[in-house]
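J.: Any chance you could fold what I've pasted below:
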Amino acid sequence: MNFFKEIEGGETIFKNKMTTKVFKGEVKGRILEVRFALAGKVERVFKKVGERVRRGEILASLEKKIFQVELDRQLADYEKTRAEFEIFNLQKSGAEDDLTKYLKMGKQAQLNASVKEVELAKARLEQTNFFRQWRGWFWTMGELLQE
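T.: Numbers count the residues shown, from 1 in each chain. Predicted structure coming up:
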């Protein structure tokens, strides 16, 4: 059921579970097309068409399993890279030649890159929930009416 419905003569009907009222005039607002930042299968839609939504509410979520597995894989890779860095430091402790210095810089760069990969995987997992950024109504799947 649409929240607002235009009828003959330019009147607009407002409907909810409790009441039906007729108003003369037009509904003012912008219809915004909305999308997830990531591709994936929608797991759950939390609002129905015509339902009012408040800023910060979750409207829908994607399946999280693939994104969680990716985060777990990145965390395991980070632990491995960190262990290799620590082993290198133990093996080369006290050595101060240029070759050791550059090898250590390379190991540190690998560790830093691994940290960033974990951060990206966490960000992707967080993007599986679609939050409403403004007040309005859930118009249709993929569209919102902004107040």
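J.: Mind jotting down where the helices sit in this structure?
T.: For the chain, the helices defined by DSSP state H cover 65-91, 98-126.
J.: I'd like those helices laid out as a markdown table, including mean neighbour count.
T.: Yep, even glycine has a C-beta here, placed from its N, CA and C like the rest. Formatted as a markdown table, the helices of the chain follow (neighbours: other C-beta atoms under 10 Å):
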| stretch | mean neighbour count |
| --- | --- |
| helix 65-91 | 14 |
| helix 98-126 | 14 |
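J.: which one of those lies closest to Phe46?
T.: Closest of those to Phe46 is helix 98-126, at 16.4 Å (criterion: C-beta to C-beta).
J.: what packs against the closest one?
T.: helix 65-91 (3 or more C-beta pairs under 8 Å, 6 or more residues apart in numbering; DSSP states H and E).
J.: Quick check: mean pLDDT of the helix it packs on?
T.: Mean pLDDT, computed over helix 65-91, is 96.
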